[in-house]
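*Asks:* Just the structure for this:
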Amino acid sequence: MGEGGRGLVTYLPLAIFVGIMALRMMRMKKARPLRLPLLWIMPVIVVLAVSLALAGMPPSGLGWLCLATGVIVGGAIGAQRARLMHLHIDGEGEKARVMMRQSPLAILLIVAVFLARRFLLPSGFQGGGMQNAAHPGHPVGNALLMMDATLGFALGMIVALRLVLWLRARDMVANHVFDA
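*Replies:* This next block holds a predicted model:
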């Protein structure tokens with residue numbers, strides 16, 4: 001593959017990410033309904049997908065550690081992102097519903113995670129920084145450890161985000177708080 005092909009492979013994911021973040025920033029000011037009965041669907045899908053991935057290729061001992069670390073870090077970031085979102089109740093009585101609006105800080109948190117993943121994490125997995133017991137320092141072993149950590153990160157982030165949003169919204173409705 002020539003130089004032009006490598007540049008495209010390098011910058012295309014970045015361009016897609018920038019486009020998606022620009023769209024999210026434009027739609028950030030509009031509040032949308034938070035459907036509490038449906039918040040469980042995405043965590044279940046992610047748990048099933050991660051379970052299938054782990055069943056297909058079970059991690060080694062170090063892989064489980066990477067997975068657990070990813071769940072913890074992802075959970076912390078997901079919970080923080082959920083706390084940064086603006087929730088309020090729109091309407092009165094039977095027509096009242098919880099509305100959610102993205103916070104600029106929540107979007108910046110996702111951008112910071114992406115940049116850290118893009119520019120900081122890969123260097124730690126090169127040159128034998130993390131090793132697979134079967135192939136010490138081998139790039140395939142490093143990639144598998146990175147995959148385990150990424151699976152754990154996605155799982156922790158989605159589950160914590162949805163759980164914290166559900167808890168906040170439930171408390172707002174129960175305590176008749178109109179803005180949180």
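
*Asks:* what about the strands in the protein?
*Replies:* Remark: strands assigned in the chain by DSSP state E are 32-33, 86-90, 97-101.

*Asks:* Buried deepest among those, which one?
*Replies:* strand 97-101 (a mean of 18; mean count of other Cβ atoms under 10 Å). Every C-beta, even on glycine, is put in place using the N, C-alpha and C of the backbone.

*Asks:* Direction included, what does it pair up with?
*Replies:* Here strand 97-101 is paired, per DSSP bridges, with strand 32-33 (antiparallel), strand 86-90 (antiparallel).

*Asks:* Contacts made by the first one with the rest, please.
*Replies:* With contact meaning Cβ atoms under 8 Å, 6 or more residues apart in numbering, strand 32-33 is reached by 97, 98, 99, 100, 101.

*Asks:* Tabulate the strands of the chain in a markdown table, adding columns for distance to residue 112 and mean pLDDT.
*Replies:* Shown next, in a markdown table, are these (distance: least, Cβ to Cβ, whole Å; pLDDT from 0 to 100):
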| stretch | distance to residue 112 | mean pLDDT |
| --- | --- | --- |
| strand 32-33 | 24 | 87 |
| strand 86-90 | 19 | 87 |
| strand 97-101 | 20 | 88 |
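
*Asks:* Output those in JSON lines; the columns should cover distance to residue 165.
*Replies:* Converted to JSON lines, the strands of the chain look like this (distance: least, Cβ to Cβ, whole Å):
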{"stretch": "strand 32-33", "distance to residue 165": "12"}
{"stretch": "strand 86-90", "distance to residue 165": "8"}
{"stretch": "strand 97-101", "distance to residue 165": "7"}
